[in-house]
Structures are given as structure tokens and as C-alpha cells.
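Novice: The following block contains a protein sequence and its predicted model.
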Amino acid sequence: MQGSSSRLSGGELQRLLLAQVILRQPVIAILDEATGALDARTETNVLKAMKRRLPRTILVVVSHRSGPLCLADQCLCIGRGGVTIVTTGMVRASDCANEVSGNVN
């Protein structure tokens with residue numbers, strides 16, 4: 001894997017590592033910027049597939065982008081005021097942006 005990984009693009013390497021997570025079916029998977037090298041559409045499709053294929057796995061997705069929010073059951077926003085649970089269920093990017101900036105309705 002190490003020798004051949006130098007011939008892969010960032011997105012290809014990320015997809016390969018995400019495939020390993022699917023094959024291992026862990027109880028918890030922490031994906032820290034795991035889809036950062038993918039475009040927004042591919043990122044959403046990959047995360048949807050992971051969520052569908054790993055129904056018993058707790059996926060913790062760390063991202064600076066708002067794309068994963070649409071798939072989140074819960075969202076923790078880390079900002080100047082600390083860590084906040086924004087909502088459960090349908091998470092909106094504006095909810096997280098408001099929490100980070102301190103503009104909570």
C-alpha cells in the first residue's frame with residue numbers, strides 16, 4: 001500500500017482508505033477531513049454510501065466544509081464559545097454557522 005500510494009491522487013487515496021473502513025465495519029469510525037480532497041458532489045455521495053453500508057457504525061465526521069451537515073444526525077460546532085450541539089435530525093448549514101458566530105435564534 002505504501003509504495004503504490006505515491007501513484008494515487010489525494011481523492012483516490014481517500015476513497016481507498018474509506019473502502020477499508022467499509023470492509024472492516026468498525027463500531028466507531030472517525031473520519032477527520034476524510035473527504036477533503038473530493039469535490040462536494042462526490043463527498044456527499046461517498047458519505048451517503050458509507051452511512052448506508054455501515055448502519056451499525058457510529059460515523060464521526062470532522063470537516064470544515066458544510067457538505068456533510070445534510071447527512072448528520074447530530075452536529076457539534078466548535079467555535080469561539082466552545083462546543084455546542086446544534087440540533088438532531090435534519091441539520092442545516094445555517095444552524096452551524098449561527099452557533100459558531102454566536103447568533104442563535
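Specialist: Arrived safely, thanks for sending.
Novice: mind listing what the closest residue to residue 26 other than its chain neighbours touches?
Specialist: If the residues on either side of it in the chain are set aside, residue 26 comes closest to residue 57, at 5.9 Å by C-beta to C-beta, 6 or more residues apart in numbering. The way it works is simple: take the backbone N, C-alpha and C, and place the C-beta from them, glycine included. Contact analysis of residue 57 by C-beta atoms under 8 Å, 6 or more residues apart in numbering lists 25-29.
Novice: Phi first, then psi, for the residue nearest the centre of the chain.
Specialist: Against the mean C-alpha coordinate of the chain, by C-alpha atoms, centre = their mean, the closest residue is residue 61 at 3.2 Å. According to degrees, to the nearest 10, the main-chain angles of residue 61 amount to phi -110, psi 120.
Novice: what's the spacing between the strand or helix carrying residue 30 and its chain's center?
Specialist: Secondary-structure assignment from DSSP states H and E places residue 30 in strand 28-32. Here strand 28-32 is found 8 Å from its chain centre; the criterion is C-alpha atoms, centre = their mean, to the nearest Å.
Novice: same deal with stretch 73-84?
Specialist: Once both centres are worked out by C-alpha atoms, centre = their mean, stretch 73-84 turns out to sit 14 Å from its chain's centre.
Novice: again with stretch 67-84
Specialist: Here stretch 67-84 shows a centroid-to-chain-centroid distance of 11 Å under the convention C-alpha atoms, centre = their mean.
Novice: what's the average pLDDT for stretch 73-93?
Specialist: In this model, stretch 73-93 has an average pLDDT of 70.
Novice: nope, stretch 20-34 is what I was after
Specialist: Averaged over stretch 20-34, pLDDT sits at 92.
Novice: And that stretch, what's buried?
Specialist: Residues of stretch 20-34 classed as buried: 21, 29, 31, 34 (neighbour count, 16 or more other C-beta atoms under 10 Å).
Novice: Hmm, residue 60 is touching residue 29, no?
Specialist: Yes. With contact defined as C-beta atoms under 8 Å, residue 60 counts as touching residue 29 (7.1 Å).
Novice: what touches both of these two?
Specialist: Counting by C-beta under 8 Å, 6+ apart, no residue touches both residue 60 and residue 29.
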